[in-house]
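K.L.:
need a structure here:
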Amino acid sequence: MPDYQEMLTEIIGMIEQAGRDIILPGFKSAIRSQTKLDGSVVTEIDTACQQDISSRLAILDQGISFLGEEMDESSQIKCLAESGGRFW
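P.N.:
Predicted coordinates:
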């Protein structure tokens, strides 16, 4: 059985690292953004954070799919269909 407390500690570290490495530096520069089909805005910082965190989570446990807000709808649907109910 996995040590969930250890896993949670690692996940918190991943999120904090993404904040330090990606989000905070983004406040010092011009940020490109796009409007998604649903009308919401996604920035290059949003996309970079999602990619960073999803890559780190895959290393932590490759058996768990990643469902991200910034994924296109077809990728989200595919993730839900193929994840077996286990996704980050």
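K.L.:
Could you use CA atoms for every contact and neighbour count after this?
P.N.:
Noted.
K.L.:
Now do the buried residues in stretch 63-73.
P.N.:
Across stretch 63-73, burial judged by 16 or more other Cα atoms under 10 Å covers 65-68, 70.
K.L.:
now those as CSV including distance to residue 45, pLDDT and secondary structure?
P.N.:
Converted to CSV, the buried residues of stretch 63-73 look like this (distance: Cα to Cα, whole Å; pLDDT from 0 to 100; DSSP: H, G, I helix; E, B strand; the rest coil):
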residue, distance to residue 45, pLDDT, secondary structure
65, 22, 93, strand
66, 18, 94, coil
67, 17, 95, coil
68, 14, 94, coil
70, 11, 92, coil
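K.L.:
Could you give the number of residues near residue 33?
P.N.:
Residue 33 has 13 neighbours, counted by other Cα atoms under 10 Å.
K.L.:
ditto for residue 26
P.N.:
14.
K.L.:
Go ahead and confirm it touches residue 44.
P.N.:
No. Counting by Cα atoms under 8 Å, residue 26 sits too far from residue 44 to count as a contact (9.1 Å).
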